Each structure stands twice: as C-alpha cells, then as structure tokens.
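S.K.: Turn this into a structure:
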Amino acid sequence: MYLLALALIFLLELAVLVAGGWWGFTLDAGWAARIAAGIGAPVLLAAAWGVFGAQKAAVPLPGPAKLAFQAAWFVTGGLLLLLAGRPVHGAALVGLWLLDRVVLALTAPSD
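M.R.: Next up is the predicted model:
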C-alpha cells in the first residue's frame, strides 16, 4: 500500500504541473501571454518543488515546514484549476493529496 501511495503522490505532483500549464494556456489574454504563462507556470512550480518540496530538495526543510510547503503547493495546483474553470478537478487534486498523505503516514515503514 505504501508503494501505491508513493506512486499516487508522484502522479499528483505531475498533475500540479499540468494544472499550471492548463491555467496559463486558458488565460483570457493574448496568445503571447498565454504561451508565456502556460510554459512559465509549470517551470516555476517545478523549480519551487525542486528547491523546497522534493525528497532530495536543494533546501531541506524540517518536517513541519516541508509539509506546510507541500500543502501550499498542492493547494496552489487546486486554485490554478479553479481559475482555469475546473473547480471539481481542483478539489479532487487537493482531496486526493490529503488522502494520500494520510495513507503515507499510516503505512510508512518504521526505521
């Protein structure tokens, strides 16, 4: 179950990147702004994840701070989907992340 939860969290991380692109490409703006946002948002999200949220983050955060960053990151993905006109998808993204965090906490192998 733990490995399945890890696979799901990875897919949800990718979904946040997709949400950033989806939001950017659906902006009510000119094509140049949509392309810039559609490419730029996922790049910025990925950079932030690599610096603070990843397992081997460039800036390791203590447990509670890392969890807070990850929560903010996934909520941002949900909000981007909401802004792109997909509120159910946004809520599902955040809800699945919360459920997955619970499963990971309950099934994590002990050291």
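S.K.: mind listing what's buried in the biggest helix by length in the chain?
M.R.: For the chain, the helix that runs over the most residues, judged by DSSP state H, is helix 2-25. Residues 5-6, 8-9, 12-13, 15-24 are the ones in helix 2-25 that count as buried (16 or more other Cβ atoms under 10 Å). Bear in mind the C-beta positions are built from the backbone N, C-alpha and C, glycine included.
S.K.: ok, so of the residues you listed, who is nearest residue 104?
M.R.: Closest approach to residue 104 among the buried residues of helix 2-25 (Cβ to Cβ): residue 5, at 4.8 Å.
S.K.: residue contacts, the closest one?
M.R.: Residue 5 makes contact with 100, 103-104, 107 under the criterion Cβ atoms under 8 Å, 6 or more residues apart in numbering.
S.K.: For the residue nearest to it when sequence neighbours are not counted, pull up the helix or strand it's in.
M.R.: Using Cβ to Cβ, 6 or more residues apart in numbering and skipping the chain neighbours, the partner closest in space to residue 5 is residue 103 (4.4 Å). Using DSSP states H and E, the element containing residue 103 is helix 87-107.
S.K.: tally of neighbours for the residue nearest to residue 5?
M.R.: 17 (other Cβ atoms under 10 Å).
S.K.: Tell me the confidence at it?
M.R.: For residue 103, the model assigns a pLDDT of 95.
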